[in-house]
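Participant: what would the 3D arrangement of this be:
(one chain, ligands or ions: 1)
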Amino acid sequence: MKQKYKPLFEPFTFQSGVTIPNRITVAPMTHYSSNEDGTISDWEISYIIPRSKEMGMVITACANVTPNGKAFPGQPAIHDDSHIPGLRRLAETIQSQGAKAIVQIHHGGLECPPELVPDEDVVSPSGAEENGSQTARALTEQEVEHIVKAFGDATRRAIEAGFDGVEIHGANGYLIQQFYSPKTNQRTDRWGGSAEKRLAFPLAVVDAAKKAIAEHAKAPFVLGYRLSPEEPETPGLTMTETFMLVDALAEKNLDYLHISLMDVHSKARRGADVTRTRMDLLNERVGQKVPLIAVGSIYTADEALAVIESGIPLVALGRVILIDPEWAVKIKESREQDIEKVIKASDKEKYRLPDPLWEMIKNTRGWVPFEE
Ligand SMILES: Cc1cc2nc3c(=O)[nH]c(=O)nc-3n(C[C@H](O)[C@H](O)[C@H](O)COP(=O)(O)O)c2cc1C
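Facilitator: Residues are numbered from 1 along each chain as shown. Next up is the predicted model:
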């Protein structure tokens, strides 16, 4: 390995006591290829093996914590103890390559397609309508409490399955973000209203996960939280509200905050200094209290190194790991110039991508670079 890339391969110890071997994380990526009942498939195992090599940590595709939280066909599930054996196989596979295994826990809320949830009963904080017909129903208070508990139960299952940690999926417009956003939460009970009250659900989910860890983990266990800093619409989350969220999360002794961005260098849109990047602003705000993971269009070794050198301790890689599973291996072997930048249709077998993910990549050309 070239000397200059050494900072990427230094170990990092979280506040929980878990040490990861280096600073590089596989970002959570949905692959549409779990079995129909949400159990882990052979496809996922084959896909994750090459992508776990020389990685510090691998975060799995988001796994739904209740049946009515399923947002994707072929989504892995973590809502029943029957899912534990498959999840154990997944965790052990990742760990066998030397990386720590983190499962992302999720509820899709409003974003769940009706055909994927029981009785087509899509739920969200306040319900939703489109063209005069109802597309989601508002959760009752009791149901909200049930989902909070489901995040705790999912954490317990992750522990029993042998994962090293869980990441709470509070990003990308799914249920947890829907509760925090003024766009999707108009509740007037204790789960909605002011920004402080809209914070109640995300923080209750964190507390439920922490309780499960305190009760069930026999060894240090990572608890991370992923968030999206801003929403484009008004009303919608601004940087001001995101500062409130990260301030509150920073008091929870989390192991990390994962800032979900498509471009790590994107600048604040509103509610903060718009000449500065969101990552700089968030790192300045809470970086001393809780380590951040940066993600978004980081493709080369130099781009990853620049993030670490800017004072953010951890980087996550998404699409480039679909394109080149050997990303970290190549840097380790001083072959970083060989890192690939586009998926080639002619080399399909080489990528070990599950067919449904391959099709998605092929059909949404441009999102993940693809060449016939
Ligand atoms: C195929 C695919 C599936 C994804 N699934 C998830 C997911 O399950 N959970 C999540 O938080 N983000 C998901 N993302 C977002 C990525 O984790 C990442 O934040 C995003 O792709 C930007 O990073 P990149 O530029 O390195 O790809 C997904 C992205 C892709 C390309």
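Participant: could you use CA atoms for every contact and neighbour count after this?
Facilitator: Noted.
Participant: run through the strands of the stretch 251-372 of the chain in chain order.
Facilitator: 256-259, 292-294, 314-317, 343-344, 370-371 (DSSP state E, counting those that start in this stretch).
Participant: what's the closest of those strands to the ligand?
Facilitator: strand 314-317 (4.0 Å; CA to the nearest ligand atom).
Participant: what mean pLDDT does the closest one have?
Facilitator: Mean pLDDT, strand 314-317: 98.
Participant: do stretch 156-172 as well
Facilitator: 99.
Participant: gap between the residue nearest to R137 when sequence neighbours are not counted and the ligand?
Facilitator: Distance criterion CA to CA, 6 or more residues apart in numbering; nearest residue to R137, sequence neighbours excluded, is G127 at 4.1 Å. Counting by CA to the nearest ligand atom, to the nearest Å, the separation of G127 from the ligand is 23 Å.
Participant: show me which residues of the stretch 1-150 of the chain sit near the ligand.
Facilitator: Contact residues (CA under 6 Å from any ligand atom) of the stretch 1-150 of the chain with the ligand: 27-30, 61-62.
Participant: is N253 in contact with Q15, as I believe?
Facilitator: Yes. Taking contacts as CA atoms under 8 Å, N253 lies within contact range of Q15: 7.5 Å.
Participant: okay, these two: which has more neighbours?
Facilitator: Each of N253 and Q15 has its neighbours counted (other CA atoms under 10 Å); Q15 has more, 17 against 14.
Participant: contacting residues around the more buried one?
Facilitator: The neighbours of Q15, taking CA atoms under 8 Å, 6 or more residues apart in numbering as the test, are 253-255.
Participant: burial of the nearest residue to A71 once chain neighbours are set aside, as a residue count?
Facilitator: With sequence-adjacent residues excluded and distances taken as CA to CA, 6+ apart, A71 is closest to C112, at 4.1 Å. Neighbours of C112 under the rule other CA under 10 Å: 24.
Participant: how much space between C112 and the ligand?
Facilitator: Noted for C112: a distance of 13 Å to the ligand, by CA to the nearest ligand atom.
Participant: got the residues of the stretch 251-372 of the chain near the ligand?
Facilitator: Contact residues (CA under 6 Å from any ligand atom) of the stretch 251-372 of the chain with the ligand: 260-262, 295-298, 317-319.
Participant: now those: which count as buried?
Facilitator: Listed as buried from these are 260-261, 295-298, 317-319; burial here means 16 or more other CA atoms under 10 Å.
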